[in-house]
Each structure stands twice: as structure tokens, then as C-alpha cells.
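In: Here is a sequence together with a model predicted from it:
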Amino acid sequence: MDLNTPLSALSGVGEKIGARLKIIGLETVNDLLLYFPFRYDDFSKTIAIKNLVPDEKANILGQIELLQNRRAHRRRMYITEALISDETESIKVIWFNQPFITKTLKVGDNISLSGKVQDDNGIITMVSPVYEKIGYGKLAHTQGLVPHYHLTENLTQKQIRFLVKQIISIAEKLPDILPEEIRKKLKLLSYSEAIKKINFPNNQLEADEARRRLAFNELFLLQIRSLIIRKEKEKSKAESLEFKAKATQEFVASLPFKLTDDQRKTAWVILKDLEKSRPMTRLLNGDVGSGKTLVAVIAILNTVLNNKQSALLAPTEILAWQHFNTISKLLSAFPIKIALFTNNYRVLNNTTNEKISRLEMLKIIKNGEADIIIGTHALLSEDVIFKNLALAIIDEQHRFGVEQRKILTLKSGHPSLTPHLLSMTATPIPRSLALSIFGDLDISFIKQMPSGRQPIMTKIVPETKRQAAYDFIKKEIAKGRQIFVVCPLIEESDFFGAKAVEEEFKKLDKEIFPDLPVAKLHGRLKSKEKEKIMRDFLDKKYKILISTSVIEVGVDIPNASIMLIEGADRFGLAQLHQFRGRVGRGNDQAYCFLFTDSLEEKTKKRLEALEKYNSGFDLAEIDLKLRGSGEIFGLAQSGFPELKIATLFDYALMKEAKEEAETLIKLDPELKNHKNLSLAINLENKIHLE
């Protein structure tokens, strides 16, 4: 067995399990070794049954005194009941719809159980705990720090742990990119040791050490890549685009509002970048609603007036349509041809004709008959060829992978020229962190909000005030307003959030607002279904839209005045701020209600920060202080898919990675003496001008 061995070769992986693993990107041993847990259950202390406390998670050891299956009277399900005893007391244990347990376990077995303790009318009970027989090797699921991985439907934590255990020794074969001298200097674990300990730590210290090493790896690679890109950038050539002062001034003067100082300064810096014969690579970091799109339009206008093409890449069709309509209106005074190109829609010059064939649209783009092309991933297709693409703009840049962004920068239409690239993000990043992460990028910040924009009133709503919030919402809807409701994932296996949305939909549609049109949106819906629901909501056919985090970015519904967030304590500050930014786009006062039943002091402080601050940049700084750098986040931190385990809050580690990368590149600029590092960077194929 080696790193490329398919997971189908492992014990316990049949066709069905293999298909489920593939859904979460796991096909080889290498994939699984690098699929890190996002949290641990701490069952390092075994508790005597008599000392169990309701509502707390615990591990107990005991013997099965009684075990039986029975059918529930009213519901079609099996209930498995057991009585477990230790030297101090007995406890009732219940499992639902798992009748096979009576075949796996028997009376007299010594077992280890871990799960949440409940008070069932004065009787201490464990419901659906994880169990293991004692005496069959080291306990992996019920004792110590037990890892939890992101799952998909019909895949369990036990299955993932079982598979990781089979292959963990192969971690020795993983190439270590880090020079030995850096590892020793910073007292970091070896790579293989870190992989073993992140999956199966003996204690929290081991988990922290493993996380530090793996996070350093990611940040170090990021810094090396940034330094090499900066050198590569110096060799590239781009079209020099003359600043069209008169037309730009007329356009700005025609706007029904004044640009903010930040917008003016940022637009000027970008226009000066476009005049250079070296490609611009700039990140425009602006808070939700700060007017980044208008700054991009000024750059687009100057590009078109230089008789060159511009492309704007958006992550979703609804966002592409939004940009298409907005830019068409803003530039309506100019004889400019604007195209929309997605997998489902192809439109030219904002007509209602959506029946332009793909082949016809490809000719329009190739022949230069469209000056501005706005689209989704469809623009990245191999058969999309531009005549003279001089400016590429990527909206919500974190939603596109490295290779996807690279493809767009290679489509200039001229083999020796690279388009200028402007990336935009609404994920607010403190300046010091942004400069550390994006060492290869020039960065502009828009912090001012357009004049007249009212701050969104944000309130934490405890369970006792839920009905009062619903009553307030009814009054707002009576005024003609619309409401967003956001739900968290209820459980890890609910990968697309469908379960949470379905339950909330039933409650609001049938019980709370039975006389109002309510819609639902979640990850299981097909792309066209999502687009139709969003379009109908925009057209005011629905008063309430219940959704998962798919509405986090970009969607602009001016009539929506309330954002209601269920389980607000389950989201990070940055994500909550993104949700809040979906309302307050019109002239009416907007509100954000944070529903939570959490009483934790840390949670309370985080949510109170949202009540106090409306600036995403302020919140990012607060988040940095509140969270520190010790948490393990999930698959990818919002905004930074390159980081599986490192976070924006690892500032000290980031600084160390930057210093070590700079030293190494000075000594070995082409990485000739660092083969593993060179392969990891994959200079020929992966480097791109971000």
C-alpha cells in the first residue's frame, strides 16, 4: 500500500462507501491522510455512573445487565434499550432504529459508552451514545480525544476513524517540504508525526503541537508561493491602458450620488495600475455594501474606451445577472456592448432574448463584438476565446480555485500579454494580516460606506423574546418588506443544510406565518431551482426566504429589511456579518435578529460585538482577539480555501512563516536544493498571478 492506493482497496470500503467518500473528495490514501478532523470530543476522563450530570458529555465503563429491542407504539421504529452498571450505579441507555446492536452486544459484555447525559423525568439516561467493547485493543471512539471529521449522508465518524487507523502508518511516506533546520529552529514536529497526532492525539498538548506544525506548513507554502509569484510578475507584460480622463469625469458626474473618498482613492490607484505595461494584480478588500462594484466599473469603462475587452467572473448565476443588470444601467450612456455568458443564459446588450446559442456567443466574444463579458465558471471553458482581453475581474475571489483563476489570466488573446487582474472580496481582513497572507498582491481597502446608508440595527434575541420578534416581523411584512431566515447545519451529516431548512420551513410556513408566502433554499436544490427561487424572491413573490449559508455572499434584495439568524452562536463573526449585509440595501431601516439559546459567556461577547459594531473590519479585529489562534476550524476557512487548518488568527505563526520563507528564497531562489518544496509548489503548473 502507498499514497496513491485507492481507498476501495481498504477493508470496509465497498462500492457504496467509496461513492460517499468521493463526495467529500476522498479517493486515495493520500487524500484521507490529509483530511484533518475539525474538532475533538474530550472523553479523557471516565466518570462513575453515580457522578453523571445531565446535559454534559461523558464516558462511562460498565457491564451490560439487560439488552432488548422493542417497537415504538406510535412511530415505526425500533428502540434498543440497555441497562449498564458499574460499581457505583446503573444507567438506562437507549438507541433508536439500531436493532442490530442486540447482535453486536450481549448481556455480560463490558463496554465503554460516550455521549450526552439526559434527565428523562428524573431518570439519568444516555441516548444514542457511541459504544465499544472493552478488551479488543485500544478504544478509538469512546475514550481520550476522539476526532470528528466532516461527513456526508450515510457516512459515520466510526467509518472514517476505522479507515484512518488502517492507513495512519503510511504517513511516514508523505514528503516533508520543510527544511530540517527550520523544523528544529521552531521546534516543530516532523510532518508524519503531526499527521498521526492530529488524527489520534493522546492529549490536548499533542493535538495543539500537530495543529501548529500543519498550520505552519500551509502558511509557509503560501509565503513561498507569494515570493515566487512576485518575481514571475516582474517578467510579465500587459496592455498599457490610457486613462480617459474626460469620459471618466463625465461618468462619475452623472451618478446620482457622490463617490466616497475611499472609492475615489482606490479607483485612482487602479487606473494608474492599468497605465503600466506590467499586469496589475490587485486585491480590492471592501466591506459588504461599500461600493466595490462601482470602482470596478470605472476600471472597466477605461478598458473599453481603450478598445479592449473586460471580463467579470462571478461565483453564481444570480450574482452574474445582478452584475449584468447593474453595469448595463451604469454604462447605458455609452455605446458599449455587454454580454452575459453562463451555462443557462446567454444575453447581449440587456435584451430579453436569452436564446443566443452557445456557438453564437463564443463567436461574439472571439470577434470582439462584446466589450464587457460577465459570466460564471462557464467563462473558463476551453472554447471561450477572447479577442483582446485586457482586464479580468474576479468577484468574491475566494470562491474560485487556484487553477480556475489562472485560466482566466491566460485568455488575453495575445500569447505574450497577460490581462490586468482585479480580485474583489467582501471578507474583511485586518491590514496587517492581509499583507502577511497576500505578499504577492497589491491591496486596496474601502472602509467608508456610501452616504445615507443607515446602520443595520442588530439585536440578540433569547428564547424568551422569540414571539416578540415574530410579531415585529409581521409588522414589517405588513409595510411591504421581505425577510431572510438563515439556518445552521443541525448535524454534521447534514452536509447541505437541507434538514435544518426543511424543519424551519414547516414551522414558519404552517405555524408562525401561515398566511404568508414562504420559500426555502438549500444545497440539495439544483442550480436552476435556486436561481428561480432567488428571482421570485427578488420579484416579491415570497415574503420570507428560509436558507442555509448559500445566501452569504453577493445577493442584493433592496426590499429585504430583516435578517433572522437561527442558532447564531454556531456561526463565526465574519459569517454573521456577511449574512447581515444581505439586508439594508434600500432606504428603509434594516434589522438583524440573532436567535440563540446559548448561555456561554464567550458566545455572548461575540454576539454583543455584532450589536455594537457595523464595520466588518472592526469585527475582524475583535474576532482575532476573542478567538486567539488555538481553534481547529473546518474544511476551509471562509474566504481562504487554501487553508485547511491554518486560520487568519494565526498571526504569530504567519509572521514566522514569512520570515523563514524570505530567508530560504534568498539562499535558494529556484528551490534547487529543496526538491520536496519545489514539487509542492509545482512551479510550472500551479503558480498564478492572484
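Out: That came through fine.
In: What ranges does the stretch 201-350 of the chain have for its helices?
Out: With DSSP state H, counting those that start in this stretch applied, the stretch 201-350 of the chain shows helices at 204-233, 245-254, 261-274, 292-305, 317-330, listed in chain order.
In: same for the shortest one, what does it pack against?
Out: The reference is to helix 245-254. Helices and strands touching helix 245-254, by 3 or more C-beta pairs under 8 Å, 6 or more residues apart in numbering; DSSP states H and E, are helix 292-305. (Each C-beta comes from the backbone N, C-alpha and C, glycine too.)
In: most packed of the helices of the stretch 201-350 of the chain?
Out: Highest mean neighbour count of the helices of the stretch 201-350 of the chain: helix 292-305, a mean of 24 (counted as mean count of other C-beta atoms under 10 Å).
In: Which residue ranges of the stretch 401-550 of the chain form helices?
Out: Under the criterion DSSP H, counting those that start in this stretch, the stretch 401-550 of the chain carries helices at the ranges 402-409, 431-437, 466-478, 498-506, 527-538.
In: if you compare the ones you listed, which one is most tucked away?
Out: helix 498-506 (a mean of 19).
In: where's Glu382, which helix or strand?
Out: Using DSSP states H and E, Glu382 is not contained in any helix or strand.
In: That one: neighbouring residues, count only.
Out: Using other C-beta atoms under 10 Å, Glu382 has 7 neighbouring residues.
In: Also the one 3 residues further on?
Out: Applying the criterion other C-beta under 10 Å, we find 14 residues in the vicinity of Ile385.
In: got a list of what it touches?
Out: Residues in contact with Ile385 (C-beta atoms under 8 Å, 6 or more residues apart in numbering) are Leu362, Ile365, Lys366, Lys411, Gly413.
In: please redo it, this time with the cut-off set to 7 Å
Out: Going by C-beta atoms under 7 Å, 6 or more residues apart in numbering, Ile385 touches Lys366, Gly413.
In: ditto for Arg535
Out: With C-beta under 7 Å, 6+ apart, Arg535 has no contacts at all.
In: Nearest to Ala72, out of the helices of the stretch 401-550 of the chain?
Out: Ranking the helices of the stretch 401-550 of the chain by proximity to Ala72 (C-beta to C-beta) places helix 498-506 first, at 20.4 Å.
In: so what does that closest one touch, helix or strand wise?
Out: For helix 498-506, the packing partners by 3 or more C-beta pairs under 7 Å, 6 or more residues apart in numbering; DSSP states H and E come out as strand 518-521, strand 544-547.
In: looking at these, which is buried most?
Out: strand 544-547 (a mean of 26).
In: For that one, which strands pair with it and how are they oriented?
Out: strand 482-486 (parallel), strand 518-521 (parallel) (DSSP bridges).
In: Any idea how many residues pack against Lys103?
Out: Applying other C-beta under 10 Å, we find 8 residues neighbouring Lys103.
In: how distant is the host helix or strand of it from the center of its chain?
Out: Element membership for Lys103, per DSSP H and E: helix 101-104. Distance, stretch centre to chain centre, for helix 101-104: 40 Å (C-alpha atoms, centre = their mean, to the nearest Å).
In: The following helix or strand past that helix pairs with which strands, and in what direction?
Out: Using DSSP H and E, the helix or strand that directly follows helix 101-104 along the chain is strand 110-120. Next to strand 110-120 in the sheet, as set by DSSP bridges, lie strand 57-71 (antiparallel), strand 123-127 (antiparallel), strand 130-133 (antiparallel).
In: quick revisit: and the helix holding Lys103, which residues are buried?
Out: Under the neighbour-count criterion of 16 or more other C-beta atoms under 10 Å, helix 101-104 has Thr102 buried.
In: go on, stretch 3-15?
Out: For stretch 3-15, by 16+ other C-beta under 10 Å, it's Leu3, Leu7, Leu10, Val13.
In: now those residues in TSV, with pLDDT and secondary structure?
Out: Shown next, in TSV, are the buried residues of stretch 3-15 (pLDDT from 0 to 100; DSSP: H, G, I helix; E, B strand; the rest coil):
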residue	pLDDT	secondary structure
Leu3	91	coil
Leu7	92	helix
Leu10	92	coil
Val13	91	coil
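In: Turn those into TSV, including distance to Asp371.
Out: Output for the buried residues of stretch 3-15, formatted as TSV (distance: C-beta to C-beta, whole Å):
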residue	distance to Asp371
Leu3	48
Leu7	49
Leu10	54
Val13	52
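In: Pull the most distant pair out of those.
Out: Largest separation among the buried residues of stretch 3-15 by C-beta to C-beta: Leu3 and Val13, giving 16.3 Å.
In: Beyond the helix or strand hosting Ala574, next helix or strand please.
Out: Using DSSP H and E, Ala574 sits within helix 573-580. Using DSSP H and E, the helix or strand that follows helix 573-580 in sequence is strand 591-595.
In: Can you list the strands that that following strand pairs with?
Out: strand 457-461 (parallel), strand 560-565 (parallel).
In: With just CA atoms, put that strand into CSV.
Out: Extracted in CSV, the C-alpha atoms of strand 591-595 (Å, rounded to 0.1, in the frame of the first residue of the first chain):
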residue,chain,number,x,y,z
TYR,A,591,-32.7,44.8,11.3
CYS,A,592,-30.7,41.7,12.1
PHE,A,593,-32.0,39.3,14.8
LEU,A,594,-29.6,36.8,16.3
PHE,A,595,-31.5,33.9,17.8
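In: Contacts for it, please.
Out: Around strand 591-595, the neighbours that count as contacts under C-beta under 7 Å, 6+ apart are 456-461, 466, 469, 561-568, 580, 583, 607, 610.
In: Now list the buried members of the residues you listed.
Out: Neighbour-count burial (16+ other C-beta under 10 Å) is assigned, among the contacts of strand 591-595, to 456, 458, 460-461, 469, 561-568, 580, 583, 607, 610.
In: Redo the strands paired with strand 110-120 as TSV? Include mean neighbour count and distance to Pro279.
Out: Formatted as TSV, these follow (neighbours: other C-beta atoms under 10 Å; distance: least, C-beta to C-beta, whole Å):
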stretch	mean neighbour count	distance to Pro279
strand 57-71	17	53
strand 123-127	16	59
strand 130-133	18	54
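In: Make TSV out of the ones you listed and add mean pLDDT and distance to Lys258.
Out: As requested, those are exported to TSV (pLDDT from 0 to 100; distance: least, C-beta to C-beta, whole Å):
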stretch	mean pLDDT	distance to Lys258
strand 57-71	92	56
strand 123-127	90	60
strand 130-133	92	61
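In: closest to Ile182 out of those?
Out: Closest approach to Ile182 among the strands paired with strand 110-120 (C-beta to C-beta): strand 57-71, 38.8 Å.
In: any idea which helix or strand comes after that closest one?
Out: strand 78-85.
In: what packs against that following strand?
Out: Applying 3+ C-beta pairs under 7 Å, 6+ apart, we find strand 78-85 packed against strand 57-71, strand 90-96.
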